[in-house]
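>>> sequence plus the predicted model coming up.
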Amino acid sequence: MPYFTTIDGCRLYYEIKGLASSKPVVVFLNGTLQDTLYWKPHAHALTEHFQVLRYDARAQGQSDSGRERLTLEGHAADLSALLNHLGIEKAHLVGLSHGARVALAFASISPQRIARLVLCSVSAEATCRARLIVRSWLKVLKRSGLEAMVWVSLPLVFGEVFLRQKERILDSIVKAIVARNTEEGLIAQLEAMTAYPPLAQSVGNVHASCLIISASDDPLVTEEGARELAGLCRGQHEHITGIGHSIAAEAPEWFNKTVLAFLCSDA
């Protein structure tokens, strides 16, 4: 399995398709509780037009947690180092939730390396409810363990339609999420997230074309907050109804069509 080792000895797992071709590069960035598997169907949908890079950030999936406290700047530095390792000078970034935060942080620090940005399930500033949800997950995780925390998260990260469709296999979904996460890594992620600054503070140096995607059944992100972020980024905003926080998983065909149209457009 391919790993990249950072300067401080942290191993990051990655997968790439089409390396060394002349196609532009798309990098997928995971949300909390996710790993590279989350993006597999979307990577497949984009490979006709792009080289596709998926990777697990520190404390996610098959990557190490590292010895340093997790920060947005640290995640951005890891992404920069991974791109350097692979010889990728410029890329499109597609991130969901936490991954969108990392994408925007990287774009702010290294704007010259960004082609286009797709940021899903994020807003200019976290609501009080969103901050409390993250704190509650951390409390449940520390007191009751990973499986309990995942069960608590389900009605908050998935919309009603998806949950109703998948109700009979929710036990399997929980087991799969638990299997690809660790309590130590997830605690580190959630503790770091409680100290993240509002995304509105990260848009000053962002010059790339940007698409912000939000969903009607997302208790973590408001349509108004996503629209505000799009305005600050001088970008586009798409809002989908009947879908929750995990937009790419809940509406995969719509997501792939929307992202491809944006990345391939001349505008």
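Arrived safely.
>>> show me the shaky parts of the stretch 151-267 of the chain.
The stretch 151-267 of the chain contains residues with pLDDT under 70 at 267.
>>> which stretches of it form helices?
In the stretch 151-267 of the chain, the helices defined using DSSP state H, counting those that start in this stretch lie at 160-166, 170-179, 183-193, 223-232, 247-250, 252-264.
>>> closest one to residue 111 among these?
When the helices of the stretch 151-267 of the chain are compared by CB to CB, helix 223-232 sits nearest residue 111, at 14.5 Å. Where you see a C-beta, it was placed from the backbone N, CA and C, and this is true even at glycine.
>>> what packs against the closest one?
The contact analysis (3 or more CB pairs under 8 Å, 6 or more residues apart in numbering; DSSP states H and E) places helix 223-232 against strand 209-215, strand 236-240.
>>> for those strands, which one sits closest to residue 247?
Nearest to residue 247, of all the helices and strands packed on helix 223-232, is strand 209-215, at 5.2 Å by CB to CB.
>>> who are the packing partners of that closest one?
When contacts are defined as 3+ CB pairs under 8 Å, 6+ apart, strand 209-215 sits against strand 114-120, helix 223-232, strand 236-240, helix 247-250, helix 252-264.
>>> with residue 100 as the reference, name the closest of those.
Per CB to CB, nearest to residue 100 of the helices and strands packed on strand 209-215: strand 114-120, 4.0 Å.
>>> so residue 99: helix, strand or coil?
State at residue 99, reduced to three classes by DSSP: H, G, I helix; E, B strand; the rest coil: helix.
>>> quick check: residue 26 touching residue 50?
Yes. Between residue 26 and residue 50 a contact is recorded at 4.4 Å, counting by CB atoms under 8 Å.
>>> mind listing the shared neighbours of those two?
Counting by CB atoms under 8 Å, 6 or more residues apart in numbering, the residues touching both residue 26 and residue 50 are 92, 263.
>>> more neighbours: which of the two?
Between residue 26 and residue 50, counting by other CB atoms under 10 Å, residue 26 is the more crowded of the two (28 against 22).
>>> ok, now which ones touch the residue nearest to residue 187 when sequence neighbours are not counted?
Nearest non-adjacent residue to residue 187, counting by CB to CB, 6 or more residues apart in numbering: residue 141, 6.0 Å away. Going by CB under 8 Å, 6+ apart, residue 141 touches 148-149, 183, 186-187, 190.
>>> now rank these by neighbours and give me the top one.
Neighbour counts for these peak at residue 149, which has 25 neighbours (criterion: other CB under 10 Å).
>>> residue contacts, residue 73?
The neighbourhood of residue 73, defined by CB under 8 Å, 6+ apart, consists of 105, 109.
>>> what's the helix or strand for it?
Taking DSSP states H and E as the definition, residue 73 sits inside helix 72-86.
>>> mind checking how far that helix is from the chain centre?
With CA atoms, centre = their mean, to the nearest Å as the basis, helix 72-86 stands 15 Å off its chain's centre.
>>> and residue 227, how many neighbours?
16.
>>> could you number the chain from 793 rather than 1 from now on?
Fine by me, first position is 793 from now on; the one you just mentioned is residue 1019.
>>> skip the chain neighbours and tell me the closest residue to it.
Using CB to CB, 6+ apart, the nearest residue to residue 1019 is residue 1029, at 5.0 Å.
>>> go on, residue 1013?
That would be residue 915: by CB to CB, 6+ apart, it lies 4.8 Å from residue 1013.
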